[in-house]
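Student: After the sequence you'll find the predicted model.
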Amino acid sequence: MIDAHHHLWDTAARDYPWLSGAAMAPLRRPYGLADLRRGCAARGVEHTVLVQTVGETTETEEFLATAAASDALVAGVVGWVDLTAPDVAGELMRLRSLPGGELLVGIRHPVQDETDPKWLYREDVRHGVRAVGQAGLAYDLLVLAHQLPAARDLVRDLPGVRFVLDHAAKPPIASGAVEPWASEIKALAASPNVMCKLSGLVTEADWHDWDAPRLAPYAEHVLGCFGTDRVMFGSDWPVCELAASYEQVVDLAGELTAGLSAAERELVFAGNARVAYDLPS
């Protein structure tokens, strides 16, 4: 099993602005490899993909070193670079030349925090995304539902880039609504160069009152739109701990995919992550 989306952080060494506020207080402590190993061992997760949390290349450098020292538990790192910088290609080459640099498998920028609704249309941003694709890396889309039209146009306009949609664009599970999220997901999935992570669903539900039946319609829509060959499991640990433990999230994913065949489940829980991030088999 591959967990295609998790984080690590050290609040004693770095400031994480997104962890501010009372609601995020339970997460304001260090989460390291030892914590990750416990969750993975409890549910038979053999490999993971470690994903950026802040817009700093120093974090990416640290993550690459962590992955290299993880005894293959962390099989890949989705890092961060300034997509608007003139020499994105050069920065990617520099990161890949570092110890553990071969474990850089993707790049992500938190578009969800951008106030400019046309940020993904900017030519400097698109130049950076192209450079990511030309380097053979995936680009993770961290967008909200209202940003899906821009994401749809981006993946359509850059067919040579491999895209991965994080957290299914954070559907409005807590409210029980499905539109316009559902229609926009279907439109995005029409482009064959984008995959989707079945991740982050518990934190879009009521943190204290969720269950598999209430999350199932959203998971089923994702699987129906993308197909079992373009959906992958991710825990979104430790963010998930706001609503559920690592073990509960893995168990939930098992419930949400219980109707799939063994071959389809192998794709969702391992094979698709290998393809999306070009991980070793």
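Tutor: Looks like it arrived, so ask away.
Student: Closest to the centroid, which residue in this structure?
Tutor: Among the residues of the chain, the one closest to the centroid is residue 166, at 4.1 Å (Cα atoms, centre = their mean).
Student: and it, what does it touch?
Tutor: By Cβ atoms under 8 Å, 6 or more residues apart in numbering, the residues touching residue 166 are 5, 51, 108, 140, 141, 142, 143, 197, 199, 200, 234. Any C-beta I mention is one placed from the backbone N, CA and C, and that applies to glycine too.
Student: go again using 10 Å as the cut-off
Tutor: Going by Cβ atoms under 10 Å, 6 or more residues apart in numbering, residue 166 touches 4-5, 51, 78, 108, 110-112, 140-143, 196-197, 199-200, 234, 236.
Student: need the contact list for the residue nearest to it when sequence neighbours are not counted.
Tutor: Distance criterion Cβ to Cβ, 6 or more residues apart in numbering; nearest residue to residue 166, sequence neighbours excluded, is residue 142 at 4.8 Å. Taking Cβ under 10 Å, 6+ apart as the criterion, residue 142 is in contact with 51-52, 78, 108-114, 151, 164-167, 169-170, 200.
Student: next one: residue 138
Tutor: For residue 138, the contact set (Cβ under 10 Å, 6+ apart) comprises 49, 76, 78, 105-108, 132, 161-164, 193-195, 275-278.
Student: unless I'm mixing things up, residue 190 is touching residue 159, no?
Tutor: No - counting by Cβ atoms under 10 Å, residue 190 does not reach residue 159; the two are 11.9 Å apart.
Student: how about the strands of the protein, start to end?
Tutor: Remark: strands assigned in the chain by DSSP state E are 2-6, 47-51, 74-79, 104-109, 138-141, 162-165, 194-198, 231-233.
Student: Need those in CSV (columns: mean pLDDT and distance to residue 65).
Tutor: Listed next are those as CSV, based on pLDDT from 0 to 100; distance: least, Cβ to Cβ, whole Å:
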stretch, mean pLDDT, distance to residue 65
strand 2-6, 98, 17
strand 47-51, 98, 11
strand 74-79, 98, 10
strand 104-109, 98, 12
strand 138-141, 98, 20
strand 162-165, 98, 23
strand 194-198, 98, 25
strand 231-233, 98, 25
